[in-house]
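Novice: Quick one, structure for this:
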Amino acid sequence: MKKRIFAFVLILALVLSIAVSAQALEQDGAGNGLSDEATIAGESIARDLYWAGQSMSLSNSEIAQSLICAGYDLTVSGTNVGGSVRAAGNMLNFQNMTVENNVTAIGNILSVDAGSRAAGVYLAGSTVTFNGACDTIGAMAGTVNLNGVVNGDAFISADKVLVGPNAVVKGVLTVQSSEQPVIPGTAQIAKMEYTAPAVSGEDVEAAAQAAAGAKLLHKATSRIYWVFAVALLAALFMLLIPDTLNGAACMLKNRTLAMLLTGLVTLLALPLLLLLLCLTFIGLPVAGLIVLLAAIAMLFSVPFAGASAGRLVFSKMNVWLSAILGAAILSAARIVPYLGGLIAFASIIYTLGYFVQVCYLRMCNRRRGSGNASSAAPAAVIPAPVLPGSVEVPQAPVQPAEPEESNEQ
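Specialist: Below you'll find the predicted structure:
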């Protein structure tokens with residue numbers, strides 16, 4: 001029994017030793033390390049280390065010559081490199097790293113902490129933070145945070161440059177940025193040369209053309225949206241108030257001048273009328289009602305005018321298609337400079353004129369009806385004009401009044 005247990009333990013130890021040796025970093029015949037391991041710790045590489053992966057960590061290792069690595073999220077800490085470091089990735093973090101030669105890195109977010117040291121540091125990315133020490137540095141990024149020690153010159157080209165309170169530049173700090181960096185009082189900068197990016201006349205013209213094109217594109221897309229919205233409103237009007245659209249089209253054809261003049265006078269007199277109504281306590285509710293009705297008429301004036309005018313212009317088409325097409329054309333024409341405001345103004349006059357004329361004509365018909373009621377022979381009913389394609393509403397026949405029988409004595 002004891003022999004079986006001893007044999008089992010011996011076999012288990014042998015398997016574990018094989019597994020551990022299989023996970024060790026492989027080196028080729030020249031002493032270069034090749035690895036895609038996510039974590040490397042406590043390794044000693046005779047020459048170069050070639051390392052690639054996704055989320056990677058290298059710590060407490062010795063690399064005799066250079067480190068060449070690439071990954072999405074890469075961290076190097078507590079490692080001594082006898083040559084240079086060349087790295088690429090999304091997020092690169094260098095912590096307590098000593099590099100005999102240079103560090104060249106490109107990525108999105110790059111960070112060199114205060115415990116790192118290199119001869120030359122050359123970084124490019126979106127956000128670069130340097131808190132370490134070097135002899136010279138060159139950085140190009142959207143934002144550069146400089147808070148380390150540079151024993152020589154420093155060159156920074158970025159949209160925004162931030163100089164920290166612990167920054168030391170013993171040589172010349174050359175900055176190319178749209179904004180001049182602010183140097184804290186505790187920072188030690190021997191000399192700073194700031195230059196704004198040069199912009200040529202062609203660049204300004206190209207930027208202006210691009211801005212104008214973008215503005216025109218935005219206006220065109222907005223107008224396309226409003227064309228569809230106005231067309232949808234026209235379809236809604238055809239569903240809810242088809243007789244009103246037909247009446248507006250008939251009035252535009254038969255009473256054009258009276259309709260437009262009425263709308264213009266109403267629009268001009270409306271502010272004065274509201275002011276007079278607001279002077280009295282009783283007139284306030286009436287003024288509020290008039291404002292509400294006028295606001296609704298003005299808000300929907302373009303789809304209403306386009307739909308009703310389309311019924312008149314495209315009278316041979318389907319009633320729905322003519323209304324939608326008229327409203328869409330009127331809305332699309334508003335993209336033309338200066339014409340858009342004129343169309344909106346004319347649509348408001350058109351809509352106000354129609355509804356005011358309808359109220360006026362109904363009042364006149366009521367007066368005629370009350371006057372004709374006393375006469376023996378009623379006036380003949382004149383049917384309203386009907387547009388082609390619309391449905392005529394039949395008028396109820398008027399029965400003639402029977403003559404009163406005279407009592408002969």
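
Novice: Output stretch 98-113 as PDB, nothing but the C-alphas.
Specialist: Output of stretch 98-113 as PDB, limited to C-alpha atoms (Å, rounded to 0.1, in the frame of the first residue of the first chain):
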ATOM      1  CA  THR A  98      14.900  51.000 -16.600                       C
ATOM      2  CA  VAL A  99      15.900  51.200 -20.300                       C
ATOM      3  CA  GLU A 100      19.500  51.600 -21.300                       C
ATOM      4  CA  ASN A 101      18.700  53.100 -24.700                       C
ATOM      5  CA  ASN A 102      15.400  54.400 -26.000                       C
ATOM      6  CA  VAL A 103      11.700  53.900 -25.600                       C
ATOM      7  CA  THR A 104       9.600  54.200 -28.800                       C
ATOM      8  CA  ALA A 105       5.900  53.600 -28.300                       C
ATOM      9  CA  ILE A 106       2.700  54.300 -30.200                       C
ATOM     10  CA  GLY A 107      -0.800  53.800 -29.000                       C
ATOM     11  CA  ASN A 108      -4.000  55.400 -27.700                       C
ATOM     12  CA  ILE A 109      -3.100  56.000 -24.000                       C
ATOM     13  CA  LEU A 110       0.500  55.900 -23.000                       C
ATOM     14  CA  SER A 111       1.900  56.400 -19.500                       C
ATOM     15  CA  VAL A 112       5.500  56.400 -18.100                       C
ATOM     16  CA  ASP A 113       5.500  56.600 -14.300                       C
END
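
Novice: got the buried residues for that stretch?
Specialist: By 16 or more other C-beta atoms under 10 Å, the buried positions in stretch 98-113 come out as 99-100, 102-107, 109-113. Any C-beta I mention is one placed from the backbone N, CA and C, and that applies to glycine too.

Novice: name the element residue 238 belongs to?
Specialist: Take DSSP states H and E as the rule and residue 238 turns out to sit in helix 201-240.

Novice: Please work out the average pLDDT along that helix.
Specialist: The average pLDDT within helix 201-240 is 81.

Novice: Going along the chain, name the strands of the stretch 151-300 of the chain.
Specialist: Ranges of strands within the stretch 151-300 of the chain are 154-163, 168-176, 188-195, based on DSSP state E, counting those that start in this stretch.

Novice: same for the first one, what does it pack against?
Specialist: Yep, that's strand 154-163 we're talking about. The helices and strands touching strand 154-163, judged by 3 or more C-beta pairs under 8 Å, 6 or more residues apart in numbering; DSSP states H and E, are strand 133-146, strand 168-176.

Novice: repeat for the shortest one
Specialist: Strand 188-195 sits against strand 168-176, with contacts defined as 3+ C-beta pairs under 8 Å, 6+ apart.

Novice: name the helices or strands packed onto the strand it packs on?
Specialist: strand 149-150, strand 154-163, strand 188-195.

Novice: For residue 144, give its distance to residue 90.
Specialist: Separation of residue 144 from residue 90 (C-beta to C-beta, to the nearest Å): 18 Å.

Novice: Of those two, give the one with the bigger neighbour count.
Specialist: residue 144 (27 against 15; other C-beta atoms under 10 Å).

Novice: Name the nearest residue to the more buried one, ignoring sequence neighbours.
Specialist: residue 158 (4.3 Å; C-beta to C-beta, 6 or more residues apart in numbering).

Novice: is the one you found in a bridge, and if so with what?
Specialist: On the basis of DSSP bridges, residue 158 is bridged to residue 141.

Novice: Tell me, how many residues neighbour residue 215?
Specialist: Neighbour tally, residue 215, other C-beta under 10 Å: 10.

Novice: Check residue 118 too.
Specialist: 25.

Novice: mind checking the SS state of it?
Specialist: strand (DSSP: H, G, I helix; E, B strand; the rest coil).

Novice: which residue packs closest to it, ignoring adjacent ones?
Specialist: residue 99 (3.9 Å).

Novice: Pipe the buried residues of stretch 98-113 into JSON lines and attach pLDDT per row.
Specialist: Below are the buried residues of stretch 98-113 laid out as JSON lines (pLDDT from 0 to 100):
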{"residue": "99", "pLDDT": "96"}
{"residue": "100", "pLDDT": "95"}
{"residue": "102", "pLDDT": "96"}
{"residue": "103", "pLDDT": "96"}
{"residue": "104", "pLDDT": "95"}
{"residue": "105", "pLDDT": "95"}
{"residue": "106", "pLDDT": "94"}
{"residue": "107", "pLDDT": "93"}
{"residue": "109", "pLDDT": "95"}
{"residue": "110", "pLDDT": "95"}
{"residue": "111", "pLDDT": "95"}
{"residue": "112", "pLDDT": "96"}
{"residue": "113", "pLDDT": "94"}
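
Novice: Which of these fall within strands?
Specialist: 99, 102-107, 109-112 (DSSP state E).

Novice: check which helix or strand covers residue 364.
Specialist: helix 339-372.

Novice: ditto for residue 325
Specialist: helix 319-332.

Novice: mind showing which ranges of the chain have poor pLDDT?
Specialist: Applying pLDDT under 70 to the chain flags residues 1-24, 198-201, 203, 370-409.

Novice: care to break it down by domain?
Specialist: 26-201, 203-369 (automatic domain parsing).

Novice: looking at those domains, which is buried most?
Specialist: domain 26-201 (a mean of 18; mean count of other C-beta atoms under 10 Å).
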